[in-house]
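K.L.:
Provided below for reference: sequence and predicted model.
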Amino acid sequence: MVKLIILVVVIAAVFFAFKHIKKIKAERDAKPTRQASARDSGQRPGWARRVFKSEVLVECPRCRTFVASLNDHACRGKS
């Protein structure tokens, strides 16, 4: 008899836990996120506003690696 009562309590606990998790997921999906609102307003996030500088790379004819300048490159590869 005690085992049956414990089994019913465990099943009820699992049922209500899943019900609560489903409710939390529904509330989270219904609430707009901060990223979505920034995307809709046309503003870019902070990482996208940074200016990234690019550098032209040239291929070393000896070791076939790409370096910024062949003058400063110390090639240790075989020819």
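P.N.:
That came through fine.
K.L.:
residue ranges with poor pLDDT in the protein?
P.N.:
32-53, 76-79 (pLDDT under 70).
K.L.:
so where do the strands sit in it?
P.N.:
58-59, 66-67 (DSSP state E).
K.L.:
Identify whichever of the ones you listed lies nearest to residue 19.
P.N.:
strand 66-67 (57.2 Å; C-beta to C-beta). (C-beta placed from N, C-alpha, C; glycine too.)
K.L.:
what sits up against the closest one?
P.N.:
By C-beta atoms under 8 Å, 6 or more residues apart in numbering, the residues outside strand 66-67 that reach it are 57, 58, 59, 60, 73.
K.L.:
of these, closest to residue 28?
P.N.:
Using C-beta to C-beta, the contacts of strand 66-67 come closest to residue 28 at residue 57, 44.4 Å.
K.L.:
Find the nearest non-adjacent residue to that closest one, please.
P.N.:
residue 66 (4.1 Å; C-beta to C-beta, 6 or more residues apart in numbering).
K.L.:
Give me the distance between residue 24 and residue 6.
P.N.:
27 Å (C-beta to C-beta, to the nearest Å).
K.L.:
longest helix anywhere in this protein?
P.N.:
helix 2-30 (DSSP state H).
K.L.:
For that helix, buried residues please.
P.N.:
Residues of helix 2-30 classed as buried: none (neighbour count, 16 or more other C-beta atoms under 10 Å).
K.L.:
Leaving out chain neighbours, which residue sits closest to residue 55?
P.N.:
Counting by C-beta to C-beta, 6+ apart, the nearest residue to residue 55 once its immediate chain neighbours are dropped is residue 68, at 5.5 Å.
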